[in-house]
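Enquirer: predicted coordinates and the sequence they were generated for:
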Amino acid sequence: MFSKRQILALPAAWLLLAGQAQAQPQNQAAARIVVWKSERRMVAYDAAGRALKTFHIALGPSPKGHKSEEGDGRTPEGLYRISGRNKTSAYHLSLRVSYPNAADRAQAKARGVSPGGDIFIHGQPNGTLPGKLKIPYDWTAGCIAISNAEIEALWAMVANGTPIEIKP
């Protein structure tokens, strides 16, 4: 038979152990990120090519095709890098994607349009959905959105310069 003190201590011990189990994967470094837009899936891989974490993502309102100009609601496709981080963005943490690259700028210039920019992997809008909750449909302006808990995990795994490949 458990005493009242032992019973009351069980939830605290469980939370402590759960927190330790969740913290361990966040300490692993991601060597690259791959996004499959059509599957709404993103995977962070270690240097040996092992999947560290899989994320279910939301995109913009026009997810098919490569981003071709500012305001088109598309997420770019191709090879980029994580080029910065913003812990005070309008969304719960954000990792900048290095779009547009030289080819994106040249393509837009040839068409006489702006390629756009400000493509990020980010959490939910600040003050809306905490933790693992997320908007369940495509809602960004072309960014890649995950839950606040997921962006915290990815933030801890990813360094500036990490390659990101975005596939159709």
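Expert: Yep, that arrived. Numbering: from 1, shown residues only.
Enquirer: relative to V158, how far out is the nearest residue to A31 once chain neighbours are set aside?
Expert: In this structure, A31 finds its nearest non-sequential neighbour in A47, 4.1 Å apart by Cβ to Cβ, 6 or more residues apart in numbering. For every residue, glycine as well, the C-beta is placed using N, CA and C. Distance of A47 to V158, given as Cβ to Cβ, to the nearest Å: 13 Å.
Enquirer: the two: who's more crowded?
Expert: Higher neighbour count among A47 and V158: V158, with 20 against 10, using other Cβ atoms under 10 Å.
Enquirer: for the more buried one, which residues are in contact?
Expert: Taking Cβ atoms under 8 Å, 6 or more residues apart in numbering, we find V158 in contact with 30, 33, 44, 82, 95.
Enquirer: again, but for D118
Expert: D118 touches 96, 143, counting by Cβ under 8 Å, 6+ apart.
Enquirer: now do the SS call for it.
Expert: coil (DSSP: H, G, I helix; E, B strand; the rest coil).
Enquirer: sketch out the low-pLDDT regions of the chain for me.
Expert: 1-27 (pLDDT under 70).
Enquirer: in it, which spans are strands?
Expert: For the chain, strands defined by DSSP state E occupy the ranges 32-36, 41-45, 51-56, 78-86, 94-97, 120-122, 144-145, 163-167.
Enquirer: what's the first one packed up against?
Expert: For strand 32-36, the helices and strands in contact under the criterion 3 or more Cβ pairs under 8 Å, 6 or more residues apart in numbering; DSSP states H and E are strand 41-45, strand 163-167.
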